[in-house]
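Visitor: model the following, please.
(one chain, ligands or ions: 1)
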Amino acid sequence: MKKELLYSGKAKDIFSTDDEDLIVSVYKDQATMLNGARKEIIKGKGSLANQISSLIFEKLNRAGVATHFVKHLSEKEQLNRKVTVIPLEVVLRNVAAGSFAKRFGIEEGQKLEQPIIEFYYKNDDLDDPLINEDHIGVLHLATAEEITYIKAETQRINLLLQDWFSQIGLCLVDFKLEFGKDKNGQIILVDEFSPDNCRLWDSQGNHLDKDVFRRDLGSLTDAYSLVLKKLEEIH
Ligand code: TMP
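Guide: As a prediction, this is how the structure comes out:
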């Protein structure tokens with residue numbers, strides 16, 4: 001099914017297929033941070049992230065969210081719709097953590113009065129800078145109407161995800177989404193949703209996400225396996 005390598009990212013390789021509207025995403029056994037400055041091979045991570053993301057995207061599709069997810073193919077592979085990716089990282093925060101806590105001098109763990117959405121410009125050469133809606137318009141990354149839609153979808157996805165994670169006793173602290181445009185110009189959710197691009201804390205405050213790698217807190221695959229096991233229980 002896979003034909004040629006279209007793109008090799010930090011966490012996934014993307015291949016073309018016989019169908020020009022479909023691509024295969026292959027998840028890597030690799031964890032990176034600081035825009036790839038720290039890199040480590042972690043056996044089993046690709047398979048776990050693929051399984052978690054497939055399960056979440058399947059649930060989102062069922063809940064009526066338009067996504068690129070078609071099906072889980074194998075341990076590390078999934079079939080996705082091909083899109084033109086909008087070069088924005090859309091971060092939603094429910095609780096202060098990470099760069100937000102640092103930037104504003106707020107203690108990690110403080111619940112925010114309302115969910116906050118931030119945009120980052122997806123550009124490795126510039127280290128993905130924080131960007132506002134005026135910048136996005138002037139740089140022609142998306143129209144004002146598209147941003148309104150993306151924000152509303154992100155809020156809706158947050159409500160669904162918060163519900164699912166609370167059912168398994170986990171707090172969804174924050175997460176990053178990406179969107180793309182399909183051949184009809186429809187904006188759909190792309191990329192992945194796994195502990196690689198969100199923060200999940202259990203009731204004791206244990207981190208079950210990529211912060212385990214970023215902060216050297218133990219075994220990343222143990223944390224991801226636990227999240228997968230809990231999600232499978234409610235699926
Ligand atoms: P931050 O606190 O480091 O800005 O991260 C906010 C959320 O976005 C967190 O859940 C991790 C996720 N994220 C990514 O998925 N990719 C990135 O490149 C960054 C910086 C954050």
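Visitor: switch to C-alpha atoms for all contacts and neighbour counts from now on
Guide: Noted.
Visitor: need the pLDDT of residue 3.
Guide: The model reports residue 3 with a pLDDT of 89.
Visitor: count the neighbours of it for me.
Guide: 13 (other Cα atoms under 10 Å).
Visitor: any idea whether it is helix, strand or coil?
Guide: The three-state assignment at residue 3 reads coil, by DSSP: H, G, I helix; E, B strand; the rest coil.
Visitor: surely it and residue 16 touch.
Guide: Yes. Using Cα atoms under 8 Å, residue 3 makes contact with residue 16 at a distance of 5.2 Å.
Visitor: who's in contact with the closest residue to residue 170 other than its chain neighbours?
Guide: Computed as Cα to Cα, 6 or more residues apart in numbering, the closest residue to residue 170 that is not its neighbour in sequence is residue 202, at 4.7 Å. Contact partners of residue 202, counting by Cα atoms under 8 Å, 6 or more residues apart in numbering, are 169, 170, 171, 208.
Visitor: burial measure for the second one, as a count.
Guide: Other residues lying near residue 170 total 23 when counted by other Cα under 10 Å.
Visitor: measure it to residue 151 for me?
Guide: 24 Å (Cα to Cα, to the nearest Å).
Visitor: returning to that earlier point: among the contacts of residue 202, name the buried ones.
Guide: Among these, those scoring as buried are 170, 171, 208 (criterion: 16 or more other Cα atoms under 10 Å).
Visitor: kindly indicate which of these lies nearest residue 134.
Guide: When the buried ones among the contacts of residue 202 are ranked by distance to residue 134 (Cα to Cα), residue 171 comes first, at 31.9 Å.
Visitor: isn't the closest one right up against residue 164?
Guide: No. Under the criterion of Cα under 8 Å, residue 171 is not in contact with residue 164, lying 9.8 Å apart.
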